[in-house]
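Colleague: Dropping a prediction and its sequence here:
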Amino acid sequence: MIDVSVNIQTVLAGVSIGLVVLYVIKRMRYRLPPGPWCLPLVGNYSVYSSFEIHRKMRELSKKYGPVISLSVGTQTWIILNNIDVVLEAMVKKKADFAGRPKFASGDLFSEGGKDIALSTYSPTWKFHRKIAGKALRHYLQGDLLEHMIQDNMNKFLDKMAQEKDPFCAKDYINLMIFHQLYTICFGEKRAVDDPEVKAYLQLDEELNDGLGTGVLEDVFPYFKDIYPTAKWKKLKSNVNESLTLLRTKFKQHVDTLEPGINRDFTDSLLIARQEAENEGDEAALEKLDDAHLIQTISDIFFAGVDTTRMTMDWFVYFMTKHPEIQSKCQEEIDRVVGSGIPSMKNRNNFDFLEACLFETMRLANVTGLGVPHMTICDSQVGGYDIPKGTTVMINHWALHHDPKYWKDHESFDPNRYLDENGKLKPAKPESWLPFSAGRRVCLGETVAKPEMLLMCANLLKRFEIRLPDGIKANPEYRMMGFGVELPSEYKIVVTERE
Ligand code: HEM
């Protein structure tokens with residue numbers, strides 16, 4: 001009779017030896033970056049499962065240098081921890097690092113990579129990024145953006161002015177940003193307490209909660225087919241709900257599009273499709289199917305809202321923590337705007353305010369380790385080999401706290417960005433990189449910067465913001481997930497300025 005247990009043991013031993021041999025061959029073939037020791041298969045669990053992965057990586061980089069290798073289950077991640085290696089990989093190496101790895105939750109969100117942010121480097125990605133970039137630039141023409149922001153903000157500032165008790169700034173900020181992105185994507189201006197916009201916000205919060213601590217299926221993808229976790233099932237239902245909402249809005253736009261009228265971002269995409277149709281450009285039309293266009297809208301909506309609302313929450317937090325800096329911003333706004341309303345034409349004169357926004361973005365780690373990159377060919381960084389198909393991440397937090405570039409890196413100091421005349425220096429400090437760099441640089445940077453600046457100006461022009469009497473700024477931050485930091489819950493009081 002065949003002894004089954006011996007056979008299983010033999011197979012397991014064979015597989016283990018095979019894995020070790022493969023590992024040794026790989027290590028001999030490539031000069032791979034160093035990293036902490038770990039158990040096979042489990043990898044560096046205490047590091048990759050930690051909310052504070054960015055801080056742990058910075059500690060590890062003191063021992064291993066700026067390029068660190070981390071074992072995550074059966075995968076290897078490379079984390080880049082200073083500006084030199086980030087620019088070498090993302091800019092000098094052109095497209096080598098511009099791919100995106102496939103992971104289960106990413107595939108779920110993007111319907112298998114049909115969006116821009118999560119799809120890998122390919123002609124289809126390039127094509128959609130170009131079309132989306134053109135559609136966004138539409139908002140930077142004339143006074144479209146500023147009118148949208150002013151209309152939208154006034155509704156919420158009026159509501160804030162009515163608050164009698166201390167309240168959470170973020171409740172208003174979240175709604176403001178959601179309404180703004182809603183108007184960019186779908187054209188309509190909605191009432192302050194519109195249930196549809198609230199439904200998007202609720203969904204976004206649930207998606208963030210679901211992804212905060214990560215899903216097991218991203219490390220061990222086969223779980224989702226064999227025994228999906230409750231978290232995975234919830235994520236799946238949230239993603240379906242979100243896509244249903246987006247598909248409904250998209251269909252309404254297809255049904256009501258009129259020649260020569262561009263109402264919003266969705267119309268811009270439909271117009272691009274119509275142009276391809278008129279030109280008989282079959283190759284373009286093939287890429288411009290409904291699923292890809294809906295995914296592009298989803299990217300603009302979700303990539304735009306979280307980053308912007310979290311940055312604005314930090315900005316208000318810093319303004320309450322540093323009342324003297326807030327007053328200096330208000331002096332500048334009053335001097336530049338007088339009795340008028342802050343507008344795009346004032347933008348170049350808000351030096352101090354913009355410096356405060358830049359400093360907020362340095363300290364607010366709203367993208368955590370950014371969106372993961374992947375090498376599309378064998379490449380090198382920092383003197384190490386990075387094989388094709390390796391996941392690579394940028395530790396933005398480490399760049400923004402590098403003592404080589406930032407004196408007193410924990411403190412909020414807008415003067416870092418100003419010259420001796422109080423004007424913004426022509427170039428920002430080298431290790432400032434909230435929007436990343438290279439082929440995958442944030443697509444929304446040109447909209448996000450003026451949008452946030454105008455919001456800050458409108459907010460501080462109207463209100464003096466402070467903490468309730470007797471309350472000190474809470475120096476703690478809270479982790480949203482995977483390196484993303486938010487200020488701990490705080491309440492504010494606002495007083496209308498004369
Ligand atoms: C505070 C504001 C924002 C910050 C800090 C931010 C930061 C980032 C970062 C770090 C990335 C990843 C880049 C990389 O892969 O290396 C990214 C990607 C992206 N962002 Fe933003 N972002 C902001 C606002 C926005 C807004 C308002 C939009 C849209 C209107 C937007 C759209 C996108 C898109 C589409 C991508 C994917 C680009 C690609 O993969 O090719 N972002 N952003």
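Modeller: It's in.

Colleague: so what's the backbone phi/psi at the residue nearest to the spatial centre of the chain?
Modeller: In the chain, the residue lying closest to the centroid (C-alpha atoms, centre = their mean) is Thr367, at 4.4 Å. Per-residue torsions, Thr367: phi -110, psi 10 (degrees, to the nearest 10).

Colleague: how close does the residue nearest to Asp218 when sequence neighbours are not counted get to Met90?
Modeller: Nearest residue to Asp218 in three dimensions, chain neighbours excluded: Phe103, at 4.8 Å (C-beta to C-beta, 6 or more residues apart in numbering). Heads up, the C-betas are built off the backbone N, CA and C, glycines and all. Going from Phe103 to Met90 by C-beta to C-beta, to the nearest Å gives 20 Å.

Colleague: Sticking with Cys442, tell me its helix or strand.
Modeller: Using DSSP states H and E, Cys442 sits within no helix or strand.

Colleague: what about it, how many neighbours?
Modeller: Neighbours of Cys442 under the rule other C-beta atoms under 10 Å: 19.

Colleague: And for Ser488?
Modeller: Counted with other C-beta under 10 Å, the neighbours of Ser488 add up to 12.

Colleague: on that earlier part again, so who does the residue nearest to the centre of the chain touch?
Modeller: Thr367 makes contacts with 307, 396, 434, 484, as judged by C-beta atoms under 8 Å, 6 or more residues apart in numbering.

Colleague: How about the residues of the stretch 351-498 of the chain by the ligand?
Modeller: For the stretch 351-498 of the chain, the residues in contact with the ligand (C-beta under 6 Å from any ligand atom) are 366-367, 370-371, 434-436, 440, 442-444, 447-448.

Colleague: Excluding sequence neighbours, find me the nearest residue to Phe302.
Modeller: Per C-beta to C-beta, 6+ apart, closest to Phe302 is Asp204, 6.7 Å.

Colleague: Tell me where the model's unsure across this protein.
Modeller: In the predicted model, the chain carries pLDDT under 70 at residues 1-6, 19-20, 23-24, 26-27, 212-213.

Colleague: distance between stretch 86-103 and the chain's centre?
Modeller: Relative to its parent chain, stretch 86-103 has a centroid offset of 17 Å by C-alpha atoms, centre = their mean, to the nearest Å.

Colleague: which residues touch it?
Modeller: Defining contact as C-beta under 8 Å, 6+ apart, one finds that stretch 86-103 is touched by 80, 106, 113, 117-121, 218, 221, 371-377, 379-382, 386, 389, 391-392, 394, 399, 433, 436-440.

Colleague: Now intersect these with the strands, please.
Modeller: 80, 373-374, 379-381, 386, 391-392, 394 (DSSP state E).

Colleague: Longest helix in the protein, please.
Modeller: The residue-count maximum for a helix in the chain (DSSP state H) belongs to helix 290-321.

Colleague: Whether it contacts the ligand - can you check?
Modeller: Yes - using C-beta under 6 Å from any ligand atom, helix 290-321 reaches the ligand at 299-300, 303-304, 307-308, 311.

Colleague: Identify each buried residue in the helix or strand following that helix, please.
Modeller: Moving toward the C-terminus from helix 290-321, the first helix or strand encountered (DSSP H and E) is helix 323-337. Buried residues in helix 323-337, defined by neighbour count with 16 or more other C-beta atoms under 10 Å: 325-326, 328-330, 332-333, 336-337.

Colleague: what helices or strands is helix 323-337 leaning on?
Modeller: For helix 323-337, the packing partners by 3 or more C-beta pairs under 8 Å, 6 or more residues apart in numbering; DSSP states H and E come out as helix 290-321, helix 351-363, helix 445-462, strand 463-466.

Colleague: quick revisit: of the ones in strands among the contacts of stretch 86-103, which is the most crowded?
Modeller: Most surrounded of the ones in strands among the contacts of stretch 86-103: other C-beta under 10 Å gives Leu80, at 31 neighbours.

Colleague: That one contacts Gly65, correct?
Modeller: No - the criterion here is C-beta atoms under 8 Å, and Leu80 misses it with Gly65 at 10.7 Å.

Colleague: what residues are shared contacts of the two?
Modeller: Residues touching both Leu80 and Gly65 by C-beta under 8 Å, 6+ apart: Gly382.

Colleague: got the phi/psi numbers for the closest residue to the ligand within the chain?
Modeller: Relative to the ligand, the nearest point of the chain is Gly444 (2.0 Å; C-beta to the nearest ligand atom). Torsion angles at Gly444 (phi, psi; degrees, to the nearest 10) stand at phi -100, psi 10.
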